[in-house]
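Novice: need a structure here:
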Amino acid sequence: MSKEQLLPFDYKQLQALDVVVREQNFERAARRLNLTQSAVSQRIKLLEQAVAQPLLLRTTPPTPTPLGQQLLSHYRQVSQLERELLPQLRVEAPQMPLRVSMAVNADSLATWFLPALAPLLAQHPIELDLRIEDETRTLERLRQGEVFGAVSTQATPLSGCHASLLGRMEYALVCSPSFADHYFASGLTLDNLQRAPGVAFDQRDDMHITYMQEPFSLQPGGYPCHTVRSSEAFIALACAGVAYCLIPRLQIAQELASGALLVLGSPPLYRQLYWHRWVLERGLHQKISQAILQHGQQCLLPVVAP
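Specialist: Residues are numbered from 1 along each chain as shown. Presented below is the predicted three-dimensional model:
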């Protein structure tokens with residue numbers, strides 16, 4: 001495409017598209033933008049005319065088309081970078097907090113992730129906006145432009161992003177001594193697992209599903225399992241003697257040392273984690289990435305070469 005053919009984006013039109021998708025409703029988007037619904041609709045139509053393609057499916061709720069999602073990702077990245085740049089341009093104005101959006105899995109959040117950010121949070125006006133997802137699904141937030149970085153098990157970066165290895169998270173299958181006596185007195189067997197209640201992050205917790213499928217050929221629904229979207233609650237349930245769970249060893253060092261939890265007779269599981277972020281990161285975003293990589297690589301296990 002020649003320079004003459006390049007489309008100059010109208011960011012008010014992109015903003016209208018973004019707000020409609022976020023609010024999931026034209027009426028709410030209009031209120032947020034202090035416009036009429038027809039004005040919001042007209043901005044999106046003009047944007048669609050400029051690219052000669054539909055960008056928004058007028059469903060309930062409104063859904064962006066693939067091209068619409070690409071434009072939203074671009075707009076959200078530019079908006080995030082702009083928010084970081086503006087305080088530097090307004091020398092005399094008080095520095096406003098920079099809102100930083102990241103996607104992270106619950107296990108990293110409960111162990112090494114927040115300590116990695118603590119020094120920067122103490123030094124700079126930063127507001128965190130953390131999106132908690134399973135580590136196999138965090139990249140979708142980055143793909144949609146909702147976050148500038150994500151902790152993921154995927155090694156391959158998205159277009160326009162970098163990916164760096166953090167290390168391996170070690171998981172152990174644990175329960176309380178009383179739970180082990182009640183359900184696993186005869187060992188970790190198929191029959192016992194079909195009776196013993198476990199706990200998973202959600203119904204798509206592929207680590208728990210994989211663990212049950214590969215050694216024991218148990219399918220989802222073939223064993224009792226609580227659904228709790230908090231790794232801290234995993235520990236509480238296990239310590240209370242009402243469930244077993246797969247949990248990072250980093251998170252249960254005290255419970256293992258005190259005997260409140262014990263490791264069931266199974267090999268540990270490992271998950272390799274990567275930090276994905278925009279290629280265009282700069283300033284505080286770049287410092288945040290450096291802090292995450294440095295602390296994550298210190299806390300997680302190194303990857304063993306095959």
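Novice: all contacts plus neighbour counts: C-alpha atoms, from now on.
Specialist: Noted.
Novice: any idea how far residue 130 lies from residue 108?
Specialist: Distance, residue 130 to residue 108, using CA to CA, to the nearest Å: 12 Å.
Novice: quick one, phi psi at the residue nearest the centre of the chain?
Specialist: Nearest residue to the geometric centre of the chain (CA atoms, centre = their mean): residue 103, 2.9 Å. Main-chain torsions, residue 103, degrees, to the nearest 10: phi -110, psi 130.
Novice: try residue 175
Specialist: Note on residue 175: backbone dihedrals following degrees, to the nearest 10 are phi -160, psi 180.
Novice: who's in contact with it?
Specialist: Residue 175 makes contacts with 238-239, 241, 243-245, 261-264, as judged by CA atoms under 8 Å, 6 or more residues apart in numbering.
Novice: returning to what we had before: compare residue 130 and residue 108 (neighbour count), which wins?
Specialist: residue 108 (21 against 15; other CA atoms under 10 Å).
Novice: residue boundaries of the strands in the stretch 201-306 of the chain?
Specialist: Assigned by DSSP state E, counting those that start in this stretch, the stretch 201-306 of the chain shows strands spanning 225-227, 245-248, 262-263, 269-278.
Novice: same question, the stretch 51-200 of the chain
Specialist: Ranges of strands within the stretch 51-200 of the chain are 56-57, 63-64, 98-104, 126-132, 149-152, 161-175, 198-200, based on DSSP E, counting those that start in this stretch.
Novice: can you show me the CA trace of stretch 115-131 as CSV?
Specialist: Provided in CSV are the C-alpha atoms of stretch 115-131 (Å, rounded to 0.1, in the frame of the first residue of the first chain):
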residue,chain,number,x,y,z
PRO,A,115,6.6,-8.8,44.7
ALA,A,116,8.1,-8.2,41.3
LEU,A,117,6.1,-5.0,41.0
ALA,A,118,6.3,-3.7,44.6
PRO,A,119,9.5,-1.6,44.1
LEU,A,120,8.0,0.2,41.1
LEU,A,121,4.6,0.7,42.8
ALA,A,122,6.5,2.4,45.7
GLN,A,123,8.4,4.7,43.3
HIS,A,124,5.9,5.6,40.6
PRO,A,125,2.2,6.6,40.5
ILE,A,126,0.8,3.4,39.0
GLU,A,127,-2.7,2.0,39.1
LEU,A,128,-2.8,-1.8,38.4
ASP,A,129,-5.6,-3.3,36.4
LEU,A,130,-5.0,-7.0,36.6
ARG,A,131,-7.1,-9.5,34.5
